[in-house]
Each structure stands twice: as structure tokens, then as C-alpha cells.
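>>> next come a sequence and a model predicted from it.
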Amino acid sequence: MIEEAFSVRSYAPSDRAAVIALWQESFPEEPPWSDPADVIDRKQAVQPELFLVGCYEGRLVASVLAGFDGVRGWVHDLAVAPGQRRRGYAGRMMDAAESALTALGCPKLNLQVRSSNEAVVAFYRSRGYAVEERISLGKRLGRWRSEAS
């Protein structure tokens, strides 16, 4: 059930503490290069309009980051507060991210999830996403160069 008191809007600097708390609760085992404060700062420097938050009765309970490089779109850090899950909010956040990317002319959206997170994989499959035969490669840059992936 999607409640009418839920709304999606762009991130505002006053949301910082609430987003950090949401991500710490939603992603407790994130590596150091995913420090919420650093991620927020980096996202505010690049396509800040694609940083969306979801609020229920005025309280921030969801977020998603999106980006478009001119070829592909990406979604990162879709989070819904544990006490607010199973209400359709993740779907609303993805609808908003997909609409924003479509408006920019994005032809394809990619995302990565840990293969062990079966519930998240099922959520994306239910939205029409498919597991693609790809190998994900990564390389740490800058201060994270010596960290394990």
C-alpha cells in the first residue's frame, strides 16, 4: 500500500543528518570509501538534482542516488528505513529516479547489488530488471587505492 503522506523530492542540505542516519542503519557494513558524509559531498558536486529523498509525514525515510554519464544511467544507495519497508516506498523512489533519468535522455539504467542479497535482487526483478551476463570490475582510486575491494 502506498500511503498518500509519502512524497519524493530533491535532497536539501538540511537533510544531511537524516540521510547519514538512514544509510548507517540501512548499510551497516559499508566499506570506508562509502562513508555517508563523503558520498553526500561527492554527489552534491555532480548531478545533485539526481539525489532524491522520500519523506513520510515530513520525516525523511528513503533515499536514492542516480547518475547519467551520457551513455548509461546508474542507481546507487536506494534505502528505506527498516520500519517503513513493505509500503511501496522503494518503488516510488525508483519511479522518481527512472523518470529523472528518462527526462535526461538516458536509454538504459544499470545498477549493482550484492548477489547474496536475494531480497533486493527479487525487488529489482519485480520491476523488470534482469541479471545480465557481465563481470563487474572495479579499481580504487585516490586515497582508497590500497584498500581491498
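Thanks, I have it.
>>> may I have the secondary structure class of A37?
The assignment at A37 comes out as helix when based on DSSP: H, G, I helix; E, B strand; the rest coil.
>>> neighbours around the residue lying closest to it once chain neighbours are set aside, how many?
In this structure, A37 finds its nearest non-sequential neighbour in I20, 6.2 Å apart by CB to CB, 6 or more residues apart in numbering. Every C-beta, even on glycine, is put in place using the N, C-alpha and C of the backbone. Per other CB atoms under 10 Å, the neighbour tally for I20 reads 15.
>>> among the helices and strands of this protein, which has the poorest mean pLDDT?
Within the chain, no helix or strand scores below helix 118-126, which has a mean of 92 by mean pLDDT, DSSP states H and E.
>>> buried stuff in it?
123-124 (16 or more other CB atoms under 10 Å).
>>> just how off-centre is it within its chain?
In this view, helix 118-126 has its centroid 14 Å away from the chain centroid, taken as CA atoms, centre = their mean, to the nearest Å.
>>> what does stretch 42-60 give?
Taking CA atoms, centre = their mean, one finds the center of stretch 42-60 at 10 Å from the center of the full chain.
>>> next one: stretch 16-25
Centroid separation for stretch 16-25 versus its chain: 13 Å, with CA atoms, centre = their mean.
>>> report all helices and strands that the least confident helix or strand of the chain contacts.
Counting contacts by 3 or more CB pairs under 8 Å, 6 or more residues apart in numbering; DSSP states H and E, helix 118-126 packs against no other helix or strand.
>>> what's the span of stretch 99-118 from first residue to last?
One end of stretch 99-118 to the other measures 26 Å (CA to CA, to the nearest Å).
>>> look up phi and psi at the nearest residue to E57 once chain neighbours are set aside.
Using CB to CB, 6+ apart and skipping the chain neighbours, the partner closest in space to E57 is A5 (4.7 Å). With angles defined as degrees, to the nearest 10, A5 sits at phi -80, psi 0.
>>> do the same with L137
phi -110, psi 150.
>>> try L78
phi -70, psi 120.
>>> what's the longest strand in the chain?
strand 59-68 (DSSP state E).
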